[in-house]
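**Student:** Need coordinates for the following:
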Amino acid sequence: LKLWMQFHSVVSSDSQSFDVKDFAYDLYLVTLAKLTCANLIDQNAPFRSNEELLGILNGDFFNQKGLINIVDHDCFYWLTTQEDCTLLLEVAASIQHDLAVYDFAIVEPEDLFGKLISQLSADKKRILLGQEPTPKWLAAKMVKNCEESLADNESPTFLDMCCGSGVFIVEVIKRMLERF
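**Tutor:** Model prediction:
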């Protein structure tokens, strides 16, 4: 909670107060993003048990799929370590239920969250937090330049410190699939 408050003090002038509305909003978006990613990996949105939901929220689901650190210990991780996180799991189950109407088997390999983030965040907040999505064409060009600088036998390692909507990760995966 302290980490979340420090993070949000950058955006607001009042760094000492806790705004439950902002906290709930951010928690909802993070939970939605994690569930959407899990559904994309599974290519559907099945009913998930509380154990499965907890694994998605704390990152174990992704680690088991070989996607290490895709869900790192974020500002909300501590909620998944509580003895009783029933309410969090109820909210996650409700979101998962709502996601069941989407066909995750038919998804374009593009930036899934850029437009969503742009629409949901206030302009002032989005700019201060660096949530302005990178255009796909620019990400593709940057990834191509990085890839071309690798030696033929060199194993690539990529790090996107400000993952945001994932446009760079999508482009890296596309290029690596073409390369290998």
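**Student:** what helices or strands is the host helix or strand of residue 174 leaning on?
**Tutor:** Here residue 174 is covered by helix 167-179, with elements defined by DSSP states H and E. Contact partners of helix 167-179 among helices and strands, from 3 or more Cβ pairs under 8 Å, 6 or more residues apart in numbering; DSSP states H and E: helix 136-148. Quick note: C-beta positions are derived from backbone N, CA and C, even for glycine.
**Student:** what comes up buried for the helix it packs on?
**Tutor:** By neighbour count on 16 or more other Cβ atoms under 10 Å, the buried set for helix 136-148 is 139, 140, 143, 147.
**Student:** measure the closest residue to the second one other than its chain neighbours to residue 138 for me?
**Tutor:** With Cβ to Cβ, 6 or more residues apart in numbering as the criterion, residue 140 has its nearest non-adjacent residue at 5.0 Å, and that residue is residue 171. Distance from residue 171 to residue 138, counting by Cβ to Cβ, to the nearest Å: 10 Å.
**Student:** So what does residue 49 have for phi and psi?
**Tutor:** With angles defined as degrees, to the nearest 10, residue 49 sits at phi -70, psi 170.
**Student:** ok, it - contacts?
**Tutor:** Going by Cβ atoms under 8 Å, 6 or more residues apart in numbering, residue 49 touches no other residue.
**Student:** what residue is smack in the middle of this protein?
**Tutor:** The centre of the chain sits closest to residue 33, judged by Cα atoms, centre = their mean, with a distance of 4.9 Å.
**Student:** Remind me what the helix or strand harbouring that one packs against, helices and strands.
**Tutor:** Assessed by DSSP H and E, residue 33 sits inside helix 20-42. With contacts taken as 3+ Cβ pairs under 8 Å, 6+ apart, helix 20-42 sits against helix 2-9, helix 50-58, helix 60-64, helix 86-99.
**Student:** before we move on, back to that, now the helix holding residue 174, how far from the centre of its chain.
**Tutor:** Taking Cα atoms, centre = their mean, to the nearest Å, one finds the center of helix 167-179 at 17 Å from the center of the full chain.
**Student:** With stretch 28-48 instead?
**Tutor:** With Cα atoms, centre = their mean as the basis, stretch 28-48 stands 10 Å off its chain's centre.
**Student:** List of residues touching it?
**Tutor:** Defining contact as Cβ under 8 Å, 6+ apart, one finds that stretch 28-48 is touched by 53, 56-57, 61-62, 65, 67, 70-71, 74-76, 88, 91-93, 95-97, 99-100, 102-105, 107, 112-113, 117, 120.
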